[in-house]
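# make a model of this:
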Amino acid sequence: MHGIDRDILVGNAQLLSQMTTPTFADTDWDWFFSSLAQSAAAIVAIFAGFIINKVLANQTAHESSVQEMTQLQTEAQRLGDEAGARRFEWYSRRYNEDALEEAGAHLKNTEETDDDQLTVDGLLADFPMSPFVAPEANRTVMDALLQAHLDARQKARERRNRPMSPATAAVLKRTGMPFGVDAFVEKSVRTLPRIPNMELLRMMRTERERIDEVRRKVDHHIRLIGNCLASSGQSANNRRAMRFWLALVVVLFLAGVIYPLSFLPSPAAPQLSARPTDILGALVSVRGVLLSLVSAAFLAVVGVFARINERTVMPATLVDELTRYMNVRAYAEEFGFADPGD
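Numbers count the residues shown, from 1 in each chain. Prediction:
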């Protein structure tokens, strides 16, 4: 009796276990694929909304950047015209004439015993020449002045060392020129005062102030261009990121929405097949045509925004032009002499 009851209990337990434990064949595939498609569609909608908003924002920022770059280009051209109106050549010529005159006076007042210590670098340090002229040209002119001074000193020594008759020497001594006329004249010239041209100095100072004002504007404009070009580089990174996210949305839509829907309705477990005939049959069916139309519409929309994203590219000619204006020589060649590193 007890054995029979035990068998009945075991049989009931097995039956209950079969009723409560679902098998692969008992899965509600319609519910499964429908829920999967709905979940994936919700994720796609969230991502797509974010990405589309980002693409449109990038397009707006791109248009603003292009407009800003165009304005910077126009302003750079205006600054180039303003720099071109400055009298660099006149200022440099007058400035160098003044520096050479001061250097020449210094050389005349230098004792012959100090001639060996004179150098071009020393003279340029003591009597700087125009910063708007090539340093090599300034050095050449100063070197010519020094060589002319040394040659003149050499010739004066040769004249002083020429023998004089006793009568001539006596006459020169009585007139206060015991070393000869040339030596007396040279010594007298050393003491001649240098009278500055005040009007010329005022004009030069005014022109230099105008040149410096243009240079300050140019330096500020170069900083603005640098910031703009840096922003354009950041927009390129955003464009590449949008490519990845758009591709991800397409994959998620096709794999998470369209593919599960292709199995509905599914009264039995799905049968996966990679045979071309089965794939073609699924595509030409009513379900396949409808899903293909939905997929094509979605891909078309994504393609529109992908196209918008790809058009957020800065014009190469505009970028190259602004890059050229990052160098001060693009505004005036003379500015480059003042800053050899530019």
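# now the helices: where do they sit in the stretch 51-200 of the chain?
Secondary structure of the stretch 51-200 of the chain, counting by DSSP state H, counting those that start in this stretch: helices at 88-108, 120-126, 135-160, 166-174, 181-190, 198-253.
# JSON lines please, covering the ones you listed and showing mean neighbour count, distance to V304 and mean pLDDT.
For every residue, glycine as well, the C-beta is placed using N, CA and C. Conversion of the helices of the stretch 51-200 of the chain to JSON lines gives the following (neighbours: other C-beta atoms under 10 Å; distance: least, C-beta to C-beta, whole Å; pLDDT from 0 to 100):
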{"stretch": "helix 88-108", "mean neighbour count": "17", "distance to V304": "54", "mean pLDDT": "92"}
{"stretch": "helix 120-126", "mean neighbour count": "14", "distance to V304": "66", "mean pLDDT": "93"}
{"stretch": "helix 135-160", "mean neighbour count": "14", "distance to V304": "58", "mean pLDDT": "88"}
{"stretch": "helix 166-174", "mean neighbour count": "11", "distance to V304": "103", "mean pLDDT": "54"}
{"stretch": "helix 181-190", "mean neighbour count": "13", "distance to V304": "86", "mean pLDDT": "51"}
{"stretch": "helix 198-253", "mean neighbour count": "14", "distance to V304": "11", "mean pLDDT": "92"}
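# so for Q71, which of these sits nearest?
Ranking the helices of the stretch 51-200 of the chain by distance to Q71, with C-beta to C-beta as the measure, places helix 198-253 first at 9.5 Å.
# next, the angle helix 88-108 makes with the closest one.
Using axes from the mean of the first three to the mean of the last three C-alpha atoms, to 10 degrees, one finds that helix 198-253 and helix 88-108 are set 130 degrees apart in direction.
# packing partners of helix 198-253?
The elements that helix 198-253 packs onto, with contact taken as 3 or more C-beta pairs under 8 Å, 6 or more residues apart in numbering; DSSP states H and E, are helix 29-84, helix 88-108, helix 286-310, helix 316-324, helix 333-338.
# of all the helices of the stretch 51-200 of the chain, which one comes closest to E321?
Closest to E321 of the helices of the stretch 51-200 of the chain is helix 198-253 (C-beta to C-beta; 9.9 Å).
# sorry, back to before: tabulate the helices and strands packed on helix 198-253 (a markdown table), appending distance to Q154.
Compiled in a markdown table, the helices and strands packed on helix 198-253 are given as follows (distance: least, C-beta to C-beta, whole Å):
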| stretch | distance to Q154 |
| --- | --- |
| helix 29-84 | 45 |
| helix 88-108 | 13 |
| helix 286-310 | 76 |
| helix 316-324 | 51 |
| helix 333-338 | 34 |
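# can you say which of these is packed in most?
Relative to the other members of the helices and strands packed on helix 198-253, helix 333-338 carries the highest mean neighbour count by mean count of other C-beta atoms under 10 Å, namely a mean of 19.
# keeping just the C-alphas, turn that helix into CSV.
Taking Å, rounded to 0.1, in the frame of the first residue of the first chain, the C-alpha atoms of helix 333-338 are listed here in CSV:
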residue,chain,number,x,y,z
GLU,A,333,57.6,91.2,-45.0
GLU,A,334,59.2,93.7,-42.7
PHE,A,335,57.4,92.2,-39.6
GLY,A,336,59.3,88.9,-40.3
PHE,A,337,62.6,90.7,-39.9
ALA,A,338,61.6,92.0,-36.5
